[in-house]
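*Asks:* sequence plus predicted model, see below.
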Amino acid sequence: MTVDERKVQNTSVIQNLILENRGKLSVSGVLDVLSFDDQVVIIETELGLLTIKGENLRINKLSIDTSEVIVEGDISSMNYSDNKNVEKSKGSLISKIFK
């Protein structure tokens, strides 16, 4: 899929990433948190998988109602990838919480 095809396909989806001083990241349009530890957080969003890397990462807020996640720590990179290219881990955070 080309970049132009993605733009046409995802025009109705609005997603915000707000990074404050590389220490606090607010993400809207979150569908699920697939995995996390203190160095990598993988979030499934409406626009694809978002991988956040850094040090001392922690999820400060996870709201299913507003589809928002706040990640805090020393954030060094953020990367999007397609949902179909990455398999889900043994279970998502939300599925583990509500078992």
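*Replies:* Sure, I can see it. Numbers count the residues shown, from 1 in each chain.
*Asks:* now do the helices in this protein.
*Replies:* Listed from the start of the chain, the chain has helices (DSSP state H) covering 3-9, 93-97.
*Asks:* rank these by mean pLDDT and give me the bottom one.
*Replies:* Within the helices of the chain, the stretch with the lowest mean pLDDT is helix 3-9, showing a mean of 53.
*Asks:* was I right about residue 82 contacting residue 47?
*Replies:* No: applying C-beta atoms under 8 Å, one finds residue 82 not in contact with residue 47, separated by 9.7 Å. Yep, even glycine has a C-beta here, placed from its N, CA and C like the rest.
*Asks:* looking at these two, which is more packed in?
*Replies:* residue 47 (18 against 11; other C-beta atoms under 10 Å).
*Asks:* relative to residue 42, how far out is residue 55?
*Replies:* When C-beta to C-beta, to the nearest Å is applied, the distance between residue 55 and residue 42 equals 16 Å.
*Asks:* which of these two has more neighbours?
*Replies:* More neighbours sit around residue 42 than around the other of residue 55 and residue 42, counting by other C-beta under 10 Å; the figures are 22 against 10.
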